[in-house]
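[1] Based on what follows, work out the 3D shape:
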Amino acid sequence: MSETPPPPKALAATTRHLFQLALRVYLLCLAPIRFFQRSMIYHPNRCERLLANNADIAVRSHDGLELHGWLSLIGTSRREDSVDVKQELAAGQPVVLFFPGNAGNRSNRGIQFDTLGSLNAHVLLVDYRGYADNPGKPSETNFAKDARSIWNHLTQELGVPPQRIVIYGESLGGGVATRLASELCQEGIEPGGLIIQSTFSSLVAVTQAHLPVVPVSWLLVDRYPSDRRIKEVTCPILQIHGQQDTIVPFWIGQKLFDAALETSSQGIAKQQIFMPQTDHNDVYSWSKDQDKLVDGLKGFLDGVDRRSKSEVKPDTKTYPLTITPTRDETQFINIDWTVVGTIILIALPMALWWFSRSPQIKPQ
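    Next comes the predicted model:
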């Protein structure tokens, strides 16, 4: 009677083969996210020179680029070349420093210009580098430095006191706006207010919500950790978010609001505008919650206007023209995620090679 043959190795070989195949597919899916992530995050609408609504603005960046934008002034007609910008700004109305989302350019924000202008606020929007007619390539670090250059231009060249400026961030622009407000407040330069619309607690959180099986916390280079930065914002805060938001889910925006201080340095409670029937891109258009939005914005901007005019002495500080934004004093944030992501993508193929090695069969 013959001996029982050893268990077949076919099942183990098949399992190993399937594991190798799954790992290869997974790596192929991760590679574009790792190496082409900025083209997936930023969607600029490039164009030739854009004509201004009221006044053309050109700001020199920290690295010498000329960034173009528009300054929409209250009560002035389009292309009115005779407008004295400094004189108009000196009248005392709030100025909204607007940072848009990740797509399009300033020509796509006409309804925002008109709505905020109807609420007695000037609006300044300088497009990001790489957007519209601006040179350069988008990145979180450069956006932060450019935001500070725009702030300096507004306060120094145009003479607008910080307490009259409302920093406004839409979607991805909320990350830029929150960082600027945080850095200013930490330096004792308090803006009139911060408005964050349809934005996230961090880019990692919103990306993870859409790609739950991808280790985005290891791969993302531009992370926009607004929930960490907003804790340092001491000016009044207003959040606007649609509860039907399919791009930045409402609960992610709520995490950002919860991380903010309960009251400003002046004792003003943080505020929210809930928009129950509104998605991500229809906050200003086709929204059934439009009246709620306008009323909330009006109340917030009127408050900034009253407080700025009640100041006994305007801020007369002078600030450096170019200041490198401070980095968060958090070890997690200061990790070089470019290096971490590269190590991971090298380690995974090595693991694949290790598991794919055929065992050496010794001769009997």
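[2] Touching, Leu220 and Val206? I think so.
    No. With contacts counted by Cβ atoms under 8 Å, Leu220 stays clear of Val206, the gap being 10.6 Å. C-beta here means a position set from N, CA and C on the backbone, and glycine is covered the same way.
[3] where do the strands sit along the stretch 51-200 of the chain?
    Secondary structure of the stretch 51-200 of the chain (DSSP state E, counting those that start in this stretch): strands at 55-60, 66-72, 95-99, 103-104, 122-126, 165-170, 193-197.
[4] and those strands, which is most packed in?
    Mean neighbours per residue, mean count of other Cβ atoms under 10 Å, is largest over the strands of the stretch 51-200 of the chain for strand 193-197, with a mean of 29.
[5] Give me the contact list for that one.
    Where contact means Cβ atoms under 8 Å, 6 or more residues apart in numbering, the residues beyond strand 193-197 that reach it are 96, 166-171, 174, 177-178, 181, 226, 233, 235-241, 253, 256, 283, 297, 300, 303-304.
[6] if you look at these, which of them are in helices?
    Gly174, Ala177, Thr178, Ala181, Ser226, Gly253, Leu256, Leu297, Phe300, Gly303, Val304 (DSSP state H).
[7] tell me which of those residues is nearest to Ala147?
    Closest approach to Ala147 among the ones in helices among the contacts of strand 193-197 (Cβ to Cβ): Ala177, at 7.6 Å.
[8] circling back to that earlier point, spatially, which two of the ones in helices among the contacts of strand 193-197 are the most separated?
    Ser226 and Gly303 (22.7 Å).
[9] And these two? Which one has more around it.
    Each of Ser226 and Gly303 has its neighbours counted (other Cβ atoms under 10 Å); Ser226 has more, 29 against 18.
[10] Kindly provide the distance from Ile230 to Val123.
    Ile230 is 23 Å from Val123, where distance means Cβ to Cβ, to the nearest Å.
[11] Correction: the previous question concerned Ser139.
    Applying Cβ to Cβ to Ser139 and Val123 gives a distance of 25 Å.
[12] now Arg179
    20 Å.
[13] who are the neighbours in contact with the residue nearest to Ile237 when sequence neighbours are not counted?
    Using Cβ to Cβ, 6 or more residues apart in numbering and skipping residues adjacent in sequence, the residue nearest Ile237 is Lys270, 4.4 Å away. Counting by Cβ under 8 Å, 6+ apart, Lys270 makes contact with Pro236, Ile237, Leu238, Gln239, Phe257, Ala260, Leu261, Glu262, Thr263, Ser264.
[14] So what's the residue count around the fourth one?
    The burial metric for Gln239, expressed as a neighbour count using other Cβ under 10 Å, is 23.
[15] isn't it right up against Gln271?
    Yes. Taking Cβ under 8 Å as the definition, Gln239 is a contact partner of Gln271 at 7.2 Å.
[16] so where's the stretch 51-200 of the chain shaky on pLDDT?
    Scanning the stretch 51-200 of the chain for pLDDT under 70 picks out the ranges 53-54, 77-82.
[17] Hmm, Ile240 is touching Thr278, no?
    No. The pair Ile240 and Thr278 does not pass the contact test of Cβ under 8 Å, sitting 9.0 Å apart.
[18] Let me see the ranges of the helices in the protein.
    10-35, 37-41, 85-89, 110-118, 140-152, 172-186, 203-210, 216-219, 226-229, 250-259, 290-309, 331-334, 337-356.
[19] tell me, which of those is the model least confident about?
    Ranked by mean pLDDT, those end with helix 331-334 at the bottom, a mean of 37.
[20] Identify the residues contacting the nearest residue to Asp245 once chain neighbours are set aside.
    Spatial nearest neighbour of Asp245, excluding adjacent residues (Cβ to Cβ, 6+ apart): His280 at 4.6 Å. His280 makes contact with Ser171, Ser198, Gly242, Asp245, Thr246, Ile247, Val248 under the criterion Cβ under 8 Å, 6+ apart.
[21] List only buried entries from those residues.
    Ser171, Ser198, Gly242, Asp245, Ile247, Val248 (16 or more other Cβ atoms under 10 Å).
[22] Can I get those residues in JSON lines including distance to Ala132?
    Shown next, in JSON lines, are the buried ones among the contacts of His280 (distance: Cβ to Cβ, whole Å):
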{"residue": "Ser171", "distance to Ala132": "17"}
{"residue": "Ser198", "distance to Ala132": "21"}
{"residue": "Gly242", "distance to Ala132": "26"}
{"residue": "Asp245", "distance to Ala132": "25"}
{"residue": "Ile247", "distance to Ala132": "22"}
{"residue": "Val248", "distance to Ala132": "23"}
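[23] And the furthest pair within those residues?
    Spanning the widest gap among the buried ones among the contacts of His280 are Ser171 and Gly242, at 11.1 Å by Cβ to Cβ.
[24] so what sits against both of the two?
    What both Ser171 and Gly242 touch, as defined by Cβ under 8 Å, 6+ apart, is the set Ser198, His280.
[25] Which residue, other than its chain neighbours, is closest to Asn142?
    Arg129 (6.0 Å).
[26] Can you verify my assumption that that neighbour contacts Arg60?
    No. In this structure, Arg129 is not within contact of Arg60 by Cβ under 8 Å, at 11.9 Å.
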